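Q: any chance you could fold what I've pasted below:
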Amino acid sequence: MEYTQLGRTGLKVSRLVLGTMNFGPQTDEADSHTIMDAALGAGVNFFDTANAYGWGANKGRTEEIIGSWFAKGGDRRDKTVLATKVYANMSLDDGPAYPNHDKLSAVNIRRSVEASLKRLGTDRIDLYQFHHVDRDTPWDEIWQAIDVLVQQGKVLYAGSSNHAGWHLAQANETARRRGSYGLVSEQCLYNLAERRAEMEVVPAAQAYGLGIIPWSPLHGGLLGGALRK
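A: This is a model prediction of the structure:
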């Protein structure tokens, strides 16, 4: 397995990341544990999830499955760089979010971190990612919330997902003014069929020292021969 540092940080992560979005909805707990054991055994130390994975009435289920895997011991947690996300409406019926129960207000970030920590059965989130852009919450407020969580040891690094290049610049320029560490990664749609990230997102990430974590590297299976099958 090849390892690299995540962006400008000293954190070493495997170049292959285990995505867990289907744990729960399509892959049961036992098989999910088997997959995570195989990944860790192959040297994959970087696992990615989100608070909303599990979907619908099962939102949060994926984090619970990862938590039960950590609970099996064997230094699983200490060997894993754990990334999860915040933003989603966590209402189980997918109805309108109760006020302040979604997006990136300081209130919801604090609530969501505590809920994810409980489901994951851990005391820290290594990489806490903003799942989408929140146009209603200023970056000063977001960084104030993250700085508190970093000081508490509940979050170590912050990253983004599905952000435009100018969002990365805005986020890190605000962090710079505050003396905050800022974003260290961007998780974006990026593969051989979908390369628009190369226009602005990748250059912005390079300029600010962010690691790029591509999602859907096989473009929903298209690049893996799904149509042929």
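
Q: and the gap between the closest residue to Gly56 other than its chain neighbours and Ala88?
A: Ranked by CB to CB, 6 or more residues apart in numbering and with sequence neighbours excluded, the top spatial neighbour of Gly56 is Asp94, at 6.3 Å. Heads up, the C-betas are built off the backbone N, CA and C, glycines and all. From Asp94 across to Ala88, the span is 10 Å (CB to CB, to the nearest Å).

Q: do Ser14 as well
A: Distance from Ser14 to Ala88, counting by CB to CB: 26 Å.

Q: now Ala71
A: According to CB to CB, Ala71 and Ala88 sit 24 Å apart.

Q: helices of this structure, start to end?
A: When secondary structure is read from DSSP state H, the chain shows helices at 29-41, 61-70, 76-79, 106-120, 139-152, 165-178, 201-208.

Q: redo those helices as CSV? Include mean neighbour count.
A: Output for the helices of the chain, formatted as CSV (neighbours: other CB atoms under 10 Å):
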stretch, mean neighbour count
helix 29-41, 15
helix 61-70, 23
helix 76-79, 13
helix 106-120, 19
helix 139-152, 18
helix 165-178, 17
helix 201-208, 18
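
Q: of Ala71 and Ala88, who's got more company?
A: Applying other CB atoms under 10 Å to Ala71 and Ala88 shows that Ala88 carries more neighbours, namely 21 against 12.

Q: show me what contacts the more buried one?
A: Ala50, Asn51, Ala52, Lys59, Asp102, His131 (CB atoms under 8 Å, 6 or more residues apart in numbering).

Q: hmm, Lys79 is touching Leu40, no?
A: Yes: counting by CB atoms under 8 Å, Leu40 is a contact partner of Lys79 at 6.1 Å.

Q: the residue nearest the centre of the chain pairs with what?
A: The centre of the chain sits closest to Thr84, judged by CA atoms, centre = their mean, with a distance of 3.7 Å. Beta-bridge pairing of Thr84 under DSSP bridges involves Tyr128.

Q: these two touch, right, it and Leu120?
A: Yes: with contact defined as CB under 8 Å, Thr84 reaches Leu120; the gap is 7.1 Å.

Q: any shared contact partners between the two?
A: With CB under 8 Å, 6+ apart as the test, Thr84 and Leu120 both reach Glu63.

Q: before we move on, back to that, any chance of the contacts of Ala88 in JSON lines, plus pLDDT, distance to Ala145 and neighbour count?
A: Output for the contacts of Ala88, formatted as JSON lines (pLDDT from 0 to 100; distance: CB to CB, whole Å; neighbours: other CB atoms under 10 Å):
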{"residue": "Ala50", "pLDDT": "98", "distance to Ala145": "18", "neighbour count": "24"}
{"residue": "Asn51", "pLDDT": "98", "distance to Ala145": "15", "neighbour count": "22"}
{"residue": "Ala52", "pLDDT": "97", "distance to Ala145": "19", "neighbour count": "24"}
{"residue": "Lys59", "pLDDT": "96", "distance to Ala145": "21", "neighbour count": "21"}
{"residue": "Asp102", "pLDDT": "96", "distance to Ala145": "15", "neighbour count": "20"}
{"residue": "His131", "pLDDT": "98", "distance to Ala145": "15", "neighbour count": "20"}
